[in-house]
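# only geometry, no sequence info:
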Ligand code: SF4
């Protein structure tokens, strides 16, 4: 197949759905890791064409959603500084901190700018030597190479006015945290295809083996998702613990080695708090010692902020596959995209946003629309 429309072909969807029904003989709970996959599942009604025995639960792979509240509050404190140009991906501007968001900092006169790449932030730093330019370096393995490259480039250019507020997270430790949870329900994983395009999937077989949980590397279009689900169901039904690649057009076992080398040069693995979930050991990246001068937390002395999370928000349980957005009493009432209580309601990859935006899935007939 050459064109994206072919990966949304309704006839193929029905064929794959029929095959999944044919091979499913008992109940299984499968987690899609990535929030982009959650949105595609809700948008195209993929869960509606699956047999009743299969339950899809939604994982923590939404970088905006898991950025801890204390990092948001630090971002707000830094962005409020009069000598700072604070740069960020657009999704972060509406994420609520303890008391406000980056939009309200901008409305109050702060210089908060949306950039599409951290290299744009480096350029802003070059053009504004009298200002401190800070980039909010959030995300999973997908954004890590570009974010690492921005720091490497700033060092090469000798920029004294560029720094990053680090909030990078990694998928494999999150999988391990979910699988080792006392209330874990996940029996199989759809591994995120874009993460694996960077990192490969060589890290996953030991996790699958340790927790006896099969996985399939999976893409984002309806056909990709159904192929991934079919691969996991086949493994579960056969009692096999393997990691298969259902997204071979984009992912190799080794991944992008130069990108991994760049990440491992500029960053080092570190413990990281996940919003709603808590501390997961070794689940993030911080700056390596050779690049520590570019750490915005140290530059602006914001390390001791104590955040206050909304007591109504159950996003942490949703992100671990323990509950669905519609289980939250605030869903669609006290919490909406216009007045969010948690990040999962505002992020374009958030599960609550997906359920709010697609209350009735388009189901298969929707696949002919875009
Ligand atoms: S609906 Fe709002 S309050 Fe409830 S879990 Fe989602 S983000 Fe949190």
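Good, I have the coordinates. These numbers come from a predicted model, not from an experiment.

# Need the phi and psi values for the residue positioned nearest the centre of the chain.
Centroid check for the chain by CA atoms, centre = their mean gives residue 62 as the closest residue, at 2.6 Å. Main-chain torsions, residue 62, degrees, to the nearest 10: phi -120, psi 100.

# so what pLDDT did it get?
On the pLDDT scale, residue 62 is placed at 89.

# Excluding residues flanking it in the chain, which one is nearest it?
Among residues not flanking residue 62 along the chain, residue 35 sits closest, at 3.2 Å (CB to CB, 6 or more residues apart in numbering). To be clear about C-beta, it is placed using only N, CA and C from the backbone, and glycine gets the same treatment.

# who's in contact with the one you found?
Contacts for residue 35 (CB atoms under 8 Å, 6 or more residues apart in numbering) come out as 58-59, 61-62, 65, 347-351, 354.

# One more pass at 7 Å, please.
Residues in contact with residue 35 (CB atoms under 7 Å, 6 or more residues apart in numbering) are 61-62, 65, 347, 349-351.

# Hmm, the residue nearest to the centre of the chain is touching residue 353, no?
No - shown here, residue 62 and residue 353 do not form a contact pair, counting by CB atoms under 7 Å, at 8.9 Å.

# intersection of neighbour lists for the two?
Any residue near both residue 62 and residue 353 by CB under 7 Å, 6+ apart counts here, and that gives 344, 347.

# Would you convert the contacts of residue 35 into CSV that also reports secondary structure?
Below are these laid out as CSV (DSSP: H, G, I helix; E, B strand; the rest coil):
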residue, secondary structure
61, strand
62, coil
65, helix
347, coil
349, coil
350, coil
351, helix
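
# ChimeraX command to pick out the buried ones of these?
Applying 16 or more other CB atoms under 10 Å to the contacts of residue 35 leaves a buried subset, and the ChimeraX line that selects it is:
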select :61,62,65,347,349,350,351
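
# Which single one of the contacts of residue 35 is nearest to residue 237?
Closest to residue 237 out of the contacts of residue 35 is residue 61 (25.2 Å), distances taken as CB to CB.

# how close does the residue nearest to residue 62 get to residue 4?
Distance of residue 35 to residue 4, given as CB to CB, to the nearest Å: 20 Å.

# try residue 196
For residue 196, the distance to residue 4 equals 19 Å [CB to CB].

# So for those two, which residue has more residues nearby?
Legend: neighbour count by other CB atoms under 10 Å for residue 196 and residue 4, higher for residue 196 (28 against 11).

# what about the strands in the stretch 201-350 of the chain?
All strands of the stretch 201-350 of the chain, identified by DSSP state E, counting those that start in this stretch, fall at 215-218, 243-245, 267-274, 278-287.

# For the ligand, find the nearest of those strands.
The ligand lies closest to strand 267-274 among these, at 14.3 Å (CB to the nearest ligand atom).

# shouldn't residue 142 be in contact with residue 198?
Yes - with contact defined as CB under 7 Å, residue 142 counts as touching residue 198 (6.0 Å).

# need the contact list for the residue of the stretch 101-250 of the chain found nearest the ligand.
Taking CB to the nearest ligand atom, the ligand has its nearest neighbour within the stretch 101-250 of the chain at residue 101, 13.5 Å off. Residue 101 makes contact with 93-95, according to CB under 7 Å, 6+ apart.

# If we go by neighbour counts, what in the longest helix anywhere in the chain is buried?
The longest helix of the chain (DSSP state H) is helix 222-238. Residues of helix 222-238 classed as buried: 222-236 (neighbour count, 16+ other CB under 10 Å).

# Check stretch 42-55 too.
So, applying 16+ other CB under 10 Å, buried residues of stretch 42-55: 42-47, 49-51, 54-55.

# from the residues you listed, which single one is nearest residue 338?
Distances from residue 338 to those, taken by CB to CB, are shortest for residue 42, at 19.4 Å.

# hmm, the host helix or strand of the closest one in reach of the ligand?
Residue 42 belongs to helix 35-44 when assigned by DSSP states H and E. No - using CB under 6 Å from any ligand atom, helix 35-44 never reaches the ligand; the gap is at least 12.5 Å.
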